[in-house]
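Peer 1: need a structure here:
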Amino acid sequence: MNNVVDKEELNWRLRVFDSLSYPTLIIRPDYTLVSANRKFLELFEEDQERIRNQKCYHFFYKKNTPCRAEDCPVVRVLNTHQGQTVTWRKEGRWEDRVFSPILDDNGEVVYIIESIRDVTRVKMLESELSETKELITRVVQSSASAIVAADRKGRIQLMNRAAKELFGVVNKECWPFDNAEQLYPPGKAKEIMSMLRDETMGGKGKLSGVPATIVSADGEEIPVEMSAAIIYDDDDNESATMAIYNDQRKKREIEKKLKDAQQQLAQSEKMASLGQLAAGVAHEINNPLTGILMYSSMVLEHLETGNPLRKDLECVIEDANRCKEIVKSLLVYSRSTDSRRQIIHINKLVEQSFRLTRDQKIFRNISIHKELDDEMMLINVDTNKLSQVIINLIINAADAMGGRGELIVRTYRNKSAQKVFLEIADTGPGIAEENLNKIFDPFFSTKPKGKSTGLGLSIAYGIVEEHGGRISVKQTGPEGTTFLLELPQYIPAES
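Peer 2: Coordinates of the predicted model:
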């Protein structure tokens, strides 16, 4: 009866061993293979008899000597009496080999059972996940915008390189920020969180392009444009926050320069207007003054010494000479100021002019195309004055398009004629034919009353003429207008 039970138990155990879903081996402490289950035989296309009594190092590695003790999991199982797991890569596949001890009644290892698990798919997913994480990290770290993320308690978990530069922590020996609240002036972090939770501000947990102020590690307050978000977990609970910052200091500086340039342009127009008026008045007064002086002097010469009219005529001549001096002063005032010229590449001058205009709101919906020839195109000009001309033409083009369209700026040269050309083209409605011969006249403007002095193109014309150049309308029509500036090319003297 006991023999029957023993056979049944053995048969049962063999069936369990053979039905295991992983390829499995039984190994003796001397590395001899005792048995393999069906999955193992199918995987290695072997039969039980050929496997039995082989050494594991010979079967797997075709070696005649055992593996090094420090590398062998069987040795580690024998020494520790605990299971060991080793991951192998074989012919493009990944395997986890799990070695477990089978102990006798005295706790000694009598067999080692080895299971082989194919983890190729898991490893591939891990590799893809690792690559994705690495890509995300590279994207975040290489972003030109500063990115900061914090956990729900406000502890900073991520700050990319741009953020470290913006907050001034790149070369800091110790980390100056313990909490995201320290990135803002006092109380501002709570205001931002309130805005994030207010769904009317930009949607649930979102803020986009709002102005804000941050505080650097050195205590400097920096104006930024901020986009922020609350990160929610699967249960819709707040788990983290993140913010993206764009430094606005350069933009503010450019806006200030633009404002100064606009004020300078307005002042130039005002001064030019007064100059035009002064010149006109001076010329109109000069002719009658000359007649008054001439005839008064002639009458004075024919009057006797004691004639009472002599004194009156002398007063007339004195006052007329005084008026003549005033006229002379007006003519001096109306002349252009001295130019401070320098040699510059026309492309550089164009870029400088754009830096003073590109951030205006009127250009928000305008597509700007620059077709700047890279040939040597030097000009000898007063850069402030000529930049004023370019800015004026660019703003006029934007106004003509109503703030929506395409602006094309093109430079090129005529080498044989030693001329440099600048074209500024818009896609506006064009200039009416009846106005073409008036656009450079002082005080002429098609804009509503009070919107323009009508001196911009007149001043531009004078400045270009002063530089020995020419400004004209190259073409105009329903498809747009192109203004052409022609300037002498600077040719360096041969040494």
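Peer 1: OK, contacts around the spatially closest residue to residue 107 that is not a sequence neighbour?
Peer 2: Among residues not flanking residue 107 along the chain, residue 81 sits closest, at 7.1 Å (C-beta to C-beta, 6 or more residues apart in numbering). (Each C-beta comes from the backbone N, C-alpha and C, glycine too.) By C-beta atoms under 8 Å, 6 or more residues apart in numbering, the contact list for residue 81 reads 101, 103, 107, 109.
Peer 1: between those, which is nearest residue 222?
Peer 2: The closest of those to residue 222 turns out to be residue 101 (C-beta to C-beta; 63.5 Å).
Peer 1: now do the helix or strand harbouring the closest one: which elements does it pack against?
Peer 2: For residue 101, the host element (DSSP states H and E) is strand 93-103. Strand 93-103 is packed against helix 73-80, strand 84-90, strand 109-118, helix 120-142, with contacts defined by 3 or more C-beta pairs under 8 Å, 6 or more residues apart in numbering; DSSP states H and E.
Peer 1: export those as CSV, with columns for distance to residue 25.
Peer 2: Formatted as CSV, the helices and strands packed on strand 93-103 follow (distance: least, C-beta to C-beta, whole Å):
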stretch, distance to residue 25
helix 73-80, 11
strand 84-90, 14
strand 109-118, 4
helix 120-142, 20
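Peer 1: what ranges does the stretch 301-450 of the chain have for its strands?
Peer 2: All strands of the stretch 301-450 of the chain, identified by DSSP state E, counting those that start in this stretch, fall at 342-345, 365-372, 378-381, 404-414, 419-425.
Peer 1: dump these into CSV; add mean neighbour count as well.
Peer 2: Shown next, in CSV, are the strands of the stretch 301-450 of the chain (neighbours: other C-beta atoms under 10 Å):
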stretch, mean neighbour count
strand 342-345, 14
strand 365-372, 14
strand 378-381, 20
strand 404-414, 17
strand 419-425, 21
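Peer 1: and residue 465, which of the ones you listed is closest to it?
Peer 2: strand 378-381 (12.5 Å).
Peer 1: for the closest one, which strands pair with it and how are they oriented?
Peer 2: Using DSSP bridges, the strands paired with strand 378-381 are strand 342-345 (antiparallel).
Peer 1: roughly how far out does the strand it pairs with sit from the chain middle?
Peer 2: Here the centre of strand 342-345 is set off from its chain's centre by 29 Å, with C-alpha atoms, centre = their mean, to the nearest Å.
Peer 1: below-threshold pLDDT in the stretch 251-400 of the chain: ranges please.
Peer 2: 260, 263-280, 282-283, 325-339, 358-360 (pLDDT under 70).
Peer 1: equivalent analysis for the stretch 1-150 of the chain, please.
Peer 2: 1-11.
Peer 1: mind redoing it with 50?
Peer 2: Where the stretch 1-150 of the chain drops to pLDDT under 50, the residues are 1, 4-5.
Peer 1: check the gap between the residue nearest the centre of the chain and residue 160 for me.
Peer 2: By C-alpha atoms, centre = their mean, the mean C-alpha position of the chain lies nearest to residue 144, the distance being 5.9 Å. Applying C-beta to C-beta, to the nearest Å, the value for residue 144 to residue 160 is 10 Å.
Peer 1: out of the strands of the stretch 301-450 of the chain, nearest to residue 166?
Peer 2: strand 365-372 (27.4 Å).
Peer 1: who are the packing partners of that closest one?
Peer 2: Partner elements for strand 365-372 (3+ C-beta pairs under 8 Å, 6+ apart): helix 346-355, strand 404-414.
Peer 1: what's the burial count for the closest residue to residue 64 other than its chain neighbours?
Peer 2: Spatially, and ignoring its direct neighbours in sequence, residue 64 is nearest to residue 58 (6.6 Å; C-beta to C-beta, 6+ apart). By the criterion of other C-beta atoms under 10 Å, residue 58 has 14 neighbours.
Peer 1: now the one 5 residues further on
Peer 2: For residue 63, the tally of surrounding residues (other C-beta under 10 Å) stands at 12.
Peer 1: what's near enough to touch it?
Peer 2: If you count contacts by C-beta under 8 Å, 6+ apart, then residue 63 has residue 57 around it.
Peer 1: could you pull out the helices for the chain?
Peer 2: 2-18, 38-44, 48-51, 56-61, 73-80, 120-142, 161-167, 188-197, 199-202, 249-302, 309-334, 346-355, 383-400, 456-466 (DSSP state H).
Peer 1: quick one: closest of those helices to residue 240.
Peer 2: Across these, closest to residue 240 is helix 188-197 (C-beta to C-beta), at 11.9 Å.
Peer 1: show residues contacting the closest one.
Peer 2: So helix 188-197 is contacted by 154, 180-181, 183-184, 201, 205-207, 210, 212-213, 226, 228-230, 241 (C-beta under 8 Å, 6+ apart).
Peer 1: CA-only coordinates of it in PDB, if you can.
Peer 2: In PDB, the C-alpha atoms belonging to helix 188-197 read as follows (Å, rounded to 0.1, in the frame of the first residue of the first chain):
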ATOM      1  CA  LYS A 188       2.500  86.200  -5.000                       C
ATOM      2  CA  ALA A 189       2.700  82.400  -5.000                       C
ATOM      3  CA  LYS A 190      -0.700  82.100  -3.200                       C
ATOM      4  CA  GLU A 191      -2.200  84.600  -5.700                       C
ATOM      5  CA  ILE A 192      -0.900  82.400  -8.600                       C
ATOM      6  CA  MET A 193      -2.400  79.300  -7.000                       C
ATOM      7  CA  SER A 194      -5.700  81.100  -6.600                       C
ATOM      8  CA  MET A 195      -5.700  82.100 -10.200                       C
ATOM      9  CA  LEU A 196      -4.900  78.500 -11.200                       C
ATOM     10  CA  ARG A 197      -7.800  77.200  -9.300                       C
END
